[in-house]
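Sequence first, predicted model second:
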Amino acid sequence: MFINHVHLMPSDLREDATLESFLGAVEGLDFEGAVCFAPFSQQFGWAGRTDDHNVWLHDTIAGHDNLIGYGTLDPKRPARPQVEQIVELGFRGIKLHPPAQKFHMFDEWSREAYAAMEEHDLIADFHIGVHWHRLKEYDPLLCDEIAWHYPKLRMVFEHVGGWHYYRQVLAVITNNGQRGKHLYAGIASVLAKDQQRFWWLGPEGVSECRWQIGADFLIYGLDFPYNHAARLRNDLAQIQALDWPKADIDAMLGGNLKRLLGITTGDALNVGGDPN
């Protein structure tokens, strides 16, 4: 199992978001590796930290060859130099959360970021779905504009847009399928109806995603630390109970993510490696 969507943070931000806490959450599971996100710049600001959030992640996961780093951007600073720093750190992608980071998904700043990411073959991992900010600034249909203008940019749409928007996200993936199969549905925080009602799709909704876009374009994510060990095991129990071929379940639980990252069976995982 290769897990996407792991937010790591220093203990002074969240004691339950440390690397040690995450490794404890996956203990005893068939765990191969994970994609880990750097904290957002504003989170470091809230904690009064003056060090660089991307460098912090790089140093934190150094020596863990099965952990792949994604950086994050500060919307208050020019995008391209930050993307280039992320490349220099050996990261494979960037986590983008427009409503939490308060940027428009298709303004001049974000387009500068996408152009640089496409140039450097970085993966864009988006939060998509209601998150208490002006909806017009992160409408899921803007993802279609991104895909149209940056056709080589590989993207993962987390939560598949959630309960409110998952059909729009599937529409974007389907609409761009003939132009290149590199848009993915992030299956994260969608299987706990009572605790995650804004994102909930349930097993039936996840199966609808498979029906529409195919099992090869589903990527499971934990959304740690917002989901911990018990939630992970609950997710896995529901996924393993799906009436799907085992190959499709295995693809969602890591096979697709490894393919996206360019990792093949037997490869030594390395955050600074070349995925191509």
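That came through, no problem. What you see is a predicted model, and the numbers here were worked out from it, not measured in a lab.

quick one: the residue of the chain positioned farthest from its centre and residue 102, what's the gap?
Distance from the C-alpha centroid of the chain peaks at residue 48, with 26.0 Å (CA atoms, centre = their mean). Plainly put, residue 48 is 20 Å away from residue 102 if you go by CB to CB, to the nearest Å. All C-beta atoms are positioned from the backbone trio N, CA, C, and that covers glycine.

do residue 50 as well
Taken as CB to CB, the span from residue 50 to residue 102 is 21 Å.

Poorly predicted segments of the protein, please.
178-180, 265-276 (pLDDT under 70).

for the chain, what's the longest helix?
Longest helix of the chain, by residue count under DSSP state H: helix 162-175.

which parts of it are buried?
162, 163, 165, 166, 168, 169, 170, 171, 172, 173 (16 or more other CB atoms under 10 Å).

quick one, which of residue 50 and residue 102 is more surrounded?
residue 102 (14 against 7; other CB atoms under 10 Å).

Quick one: the helices in the stretch 51-200 of the chain, in order.
For the stretch 51-200 of the chain, the helices defined by DSSP state H, counting those that start in this stretch cover 53-61, 79-88, 98-101, 108-119, 142-149, 162-175.

Tell me which of those approaches residue 264 most closely.
Nearest to residue 264, of all those, is helix 53-61, at 21.1 Å by CB to CB.

The closest one packs against which elements?
Here helix 53-61 touches strand 33-37, helix 41-46, strand 67-71, helix 79-88, going by 3 or more CB pairs under 8 Å, 6 or more residues apart in numbering; DSSP states H and E.

just so I know, which of those lies nearest residue 248?
Using CB to CB, these put strand 33-37 closest to residue 248, at 20.4 Å.

and the angle for that closest one with helix 53-61?
Angle of strand 33-37 versus helix 53-61, following axes from the mean of the first three to the mean of the last three CA atoms, to 10 degrees, is 150 degrees.

List the neighbouring strands of strand 33-37 plus their orientation.
strand 2-7 (parallel), strand 67-71 (parallel) (DSSP bridges).
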